[in-house]
Structure formats: C-alpha cells, structure tokens
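1. no sequence on this one, just coordinates:
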Ligand code: CMP
C-alpha cells in the first residue's frame with residue numbers, strides 16, 4: 001500500500017460520546033489505513049503548541065481549554081490523496097454547516113466542538129504526524 005499520509009485527531013467531544021470506534025470504522029471503510037494511533041489527555045503545553053498557528057485568533061484560549069478538557073485520539077492515516085480526501089470526508093469546520101453524511105455533521109456540535117481535526121496540507125500532515133509520533 002502506498003499513498004499520502006495525514007493526521008486525524010478524534011477530539012474530546014467525540015471521545016466523550018463514545019464515538020471513537022464509529023469514526024475509525026467509517027475511515028477504514030473509506031479506504032484509509034491506520035498506520036499509528038495513540039490516546040492522550042493533552043497537556044496545555046501540547047495543545048498550545050499543536051495549535052500555535054491559531055495563537056492570535058480570538059478563539060485560541062477556548063480552543064486550548066476544549067482540547068485539554070478530556071482525552072483525544074491521534075491517528076496517522078494513509079490513503080491515496082489522503083489529505084484532500086480526509087478534509088472532504090470530515091466536512092466543514094463548523095459542524096452546523098457540514099454536509100450531511102460527513103463526520104462533523106454526524107458527530108460534531110458547532111464550530112469548536114467539531115468532533116475531529118484533520119491536517120490541511122501535506123506539509124502540515126508531516127509536521128503533525130511528527131508532533132505526536134516522532135519522525
Ligand atoms: P480544527 O480543524 O481542529 O482547527 C482549529 C480549531 O479551532 C477548529 O477545528 C475548531 O475546533 C476551533 N475553532 C473554534 N472557533 C473557530 C473559528 N471561528 N474558526 C475556526 N476554528 C475555530
């Protein structure tokens with residue numbers, strides 16, 4: 001199997017809903033292969049560093065609070081065209097606007113509690129996978 005790699009995170013809201021298995025199953029059925037996986041309760045330092053790109057945004061503090069509110073699952077995935085395909089498959093950031101059938105429409109609540117994160121470029125996928133799993 002050869003393809004692109006990307007990082008998916010199942011966020012604390014979806015973990016609290018017991019939706020980890022359902023989300024991972026949908027990804028596997030869609031052709032994503034789970035390469036590496038771990039469950040963490042992120043520290044503030046980890047959440048701040050992971051989302052550093054959003055540091056100046058007004059929602060940054062609340063985002064870090066949310067991401068440290070409970071356990072999350074980090075998953076390195078492989079698939080052809082993985083980055084773009086996963087972004088389509090999870091839907092828009094705002095769960096209330098995500099297309100029916102997408103992960104965020106199904107499991108998310110709003111623009112912050114949106115069930116999952118996915119890398120937005122190949123460059124960021126490599127960085128985010130290295131952040132959680134090393135090079
Ligand atoms: P994610 O794809 O993980 O990237 C940044 C996260 O910030 C986003 O999902 C949401 O959980 C959160 N967030 C909260 N408010 C906003 C906003 N107004 N715009 C974008 N992201 C937001």
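-> Received it, and whenever you're ready, just let me know what you need. Model, not experiment: these values are computed from the prediction.

2. could you use CA atoms for every contact and neighbour count after this?
-> Will do.

3. ok now do the residue nearest to the spatial centre of the chain, which residues does it touch?
-> With distances taken as CA atoms, centre = their mean, residue 117 lies nearest the centre of the chain, 2.3 Å away. Going by CA atoms under 8 Å, 6 or more residues apart in numbering, residue 117 touches 7-11.

4. assumed it was part of a strand.
-> Yes: counting by DSSP: H, G, I helix; E, B strand; the rest coil, residue 117 is found in a strand.

5. next one: it relative to residue 2, how far apart?
-> 23 Å (CA to CA, to the nearest Å).

6. try residue 98
-> 29 Å.

7. which one's more surrounded, the two?
-> When residue 98 and residue 2 are compared for neighbours, residue 98 comes out ahead with 22 against 7, by other CA atoms under 10 Å.

8. show me where this protein has its helices.
-> 12-16, 20-29, 44-50, 60-67, 82-90, 103-107, 122-133 (DSSP state H).

9. skipping adjacent residues, who's closest to residue 131 in space?
-> Setting aside the residues directly before and after it, residue 131 is nearest to residue 50 in space (CA to CA, 6 or more residues apart in numbering), at 7.6 Å.
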